[in-house]
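> Sequence and predicted structure, then a few things I'm wondering about:
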Amino acid sequence: MHAARAALLLAVTLACALPAAAQFTDAADFGFSPGATGTENTRALQQAVDRTGTIVVSRPGTYKIAGTVFIGSNTSLIFGNNVFLKKVAEPDPFTHVLLNKGALTKTWDEHITVEGLVIIVNGIDVRKFLVYGLHGQLAFFYAKDIRIRHFRLLDGGRAQYAIHVCTFEDLRIDDVVIHGDKDGIHLGRGKRFTLSNGVFDTGDDAIALNAHDYSVGNPELGWIEDGVVENMRDLADPKRQIGYFCRILAGAWIDWHPGMEVQQSDTVVSGGRLYRVQANPDGTVYKSLTRPTHTKGSAVLDGINWGVVQNDVTYTAGVRNVVFRDIFLEKPRTAFSIHFDNDRFSRSYYPGAQIPQQQNLLFDNVRVLYDAPTDFLQVRTPVDLVTIANSTLRQNRIAFLSNKAMTGYLKTRVNMTGCVFAAPGKLQLIVNSVPGKAIALKTGASSELSDAFSAEVVPGQGTIAVDSDLTGLRK
């Protein structure tokens, strides 16, 4: 009897203690409505999320939105079924639908969930930088413990990424469907992430792990590490064939010194800060004679527009310790590119910089579902180890390429285990075009689906050491 009364008293005590934390805020109480204007809805949703806690939008309908809504720490924004946010220009186009509050001041936000967000871009696809280089429809910058679930965007344009996250810790993105002409999920520097259960039809990269980037492509630079990309589908679409399923982009730069030559997107270290050239991508090469020292914004020195990037110094950027698993590829394009840029938009590697060796990348259960001969993997940067396991390749090779960014690309080990080779005849499994490149290939537990199958490697001006069970390569 006493135990029962004690249990009842505890339950009543807990019930009295919970309401403030357990209550939900209904955005409709602030005027968020399918019948309101975009300006009214933007104001109403902002007032609701400013309450923090859990904010719900439960009434089905299409809600006009005319400006960025800023979300802060300890906030969950949950959209119910058949709720759509439609961008409208009232009066002007805008960039982000949602952006964390701390992005504007580089102040960390944490414990944020966005669930059920469906964006109708409606042609409002522009880069009006609130943070230079950040241009996702849904964006986070300086954010920890971020969860994005059940996200949909079906009409993306040519200017904005669907989801853009940079400078993060503990990011989870789950259950997304993204159709558009630009990147689907675009990440800048950060650590500990899981991207799960996605369907993509994108005209550029479905997923971009861009530790380095164009000056307009990410607001900060650094390493992307300790992540999983799983259960993803890259849909076939003859109108959208460029880019990659995943771009894995590295870079490196040097200390500023007088007389150095720079171009668009080049980075330098000066006075404990990173600065980047922010210019037109017209191929102009500038000579820098005046050290950049300003602490924020941009300044023109010697005709060079230098923008402040960040106050913590790193000399390299790249991707390491990432697992890709259960990837289904319908689109006949290069699946994965371990990448350097070296063009008028950006050169990832400044001559003489520290070598940015990307590290420990695993591709597990990747299924090529088309017959066109494309590159499964292109390698343009130093990378120590690539493991391909339990995957199905058809007429898909691994290509080591040089864009003349550096003179030495270090040694790369390629381990392939439990893979299925479905080419009906000869397959050039590895083709190298990097002078002096050393590659070590090891295959085991392989399956060949055609009696006519054979593999070969093309070392070019490098060397390929082979330990293989494949026809044509085994000794």
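Nice, thanks for sending it over.
> Do you have the helices of this protein handy? List them.
In the chain, the helices defined using DSSP state H lie at 2-17, 19-22, 38-49.
> which of the residues in the last one are buried?
Same thing as helix 38-49. Neighbour-count burial for helix 38-49, counted by 16 or more other CB atoms under 10 Å, picks out 38, 40-49. From N, CA and C alone the C-beta is placed, and that goes for glycine too.
> Now for the spatially closest residue to residue 236 that is not a sequence neighbour: which residues touch it?
Nearest residue to residue 236, sequence neighbours excluded (CB to CB, 6 or more residues apart in numbering): residue 330, at 4.1 Å. Counting by CB atoms under 8 Å, 6 or more residues apart in numbering, residue 330 makes contact with 233-236, 369-370.
> got the phi/psi numbers for residue 330?
Residue 330 adopts backbone torsions of phi -100, psi -30, taken as degrees, to the nearest 10.
> Equivalent analysis for residue 259, please.
phi 90, psi 0.
> Distance check, it against residue 266.
When distance is defined by CB to CB, to the nearest Å, residue 259 is 14 Å away from residue 266.
> Ok, residue 123 next?
Counting by CB to CB, the gap from residue 123 to residue 266 is 34 Å.
> Neighbour count: these two, which is higher?
residue 266 (24 against 12; other CB atoms under 10 Å).
> Show me the beta-bridge partners of residue 362.
Taking DSSP bridges, one obtains residue 323, residue 387 as the residues bridged to residue 362.
> meant to ask about residue 249, not that
residue 210, residue 339.
> Who are the contact partners of it?
Counting by CB under 8 Å, 6+ apart, the residues that residue 249 touches are 208-213, 318-319, 339-341, 348.
> what do you get if the cut-off is 7 Å, keeping everything else the same?
209-213, 339, 348 (CB atoms under 7 Å, 6 or more residues apart in numbering).
> Grab the two from these that are most spread out in space.
Checked with CB to CB, the contacts of residue 249 reach their widest spread between 209 and 348, with 13.2 Å between them.
> any chance of the contacts of residue 249 in CSV, with neighbour count and pLDDT too?
Below are the contacts of residue 249 laid out as CSV (neighbours: other CB atoms under 10 Å; pLDDT from 0 to 100):
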residue, neighbour count, pLDDT
209, 31, 98
210, 29, 98
211, 30, 98
212, 31, 97
213, 27, 97
339, 28, 95
348, 31, 95
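> ok, so of those, who is nearest residue 408?
Checking the contacts of residue 249 one by one against residue 408 (CB to CB), the nearest turns out to be residue 348, at 15.4 Å.
> Hmm, the closest one is touching residue 355, no?
No. Residue 348 is not in contact with residue 355 according to CB atoms under 7 Å; the separation is 11.8 Å.
> Can you read off the pLDDT for residue 10?
Predicted confidence (pLDDT) for residue 10: 41.
> what does the one 5 residues further on give?
Note for residue 15: predicted pLDDT of 40.
> show me the contacts for residue 379.
By CB under 7 Å, 6+ apart, the neighbours of residue 379 are 338, 400-401, 412.
> Report the buried members of the residues you listed.
Of the contacts of residue 379, these count as buried by 16+ other CB under 10 Å: 338, 400-401, 412.
> among the residues you listed, which are in strands?
Those of the buried ones among the contacts of residue 379 mapping onto strands are 338, 400, 412, per DSSP state E.
> and of these, the nearest to residue 224?
Nearest member of these to residue 224, counting by CB to CB, is residue 338, at 12.4 Å.
> For the buried residues of helix 38-49, give me CSV that also has distance to residue 281 and pLDDT.
CSV is the format used below for those (distance: CB to CB, whole Å; pLDDT from 0 to 100):
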residue, distance to residue 281, pLDDT
38, 33, 98
40, 39, 98
41, 37, 98
42, 33, 98
43, 38, 98
44, 40, 98
45, 36, 98
46, 35, 98
47, 41, 98
48, 41, 98
49, 37, 98
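> All set now, cheers.
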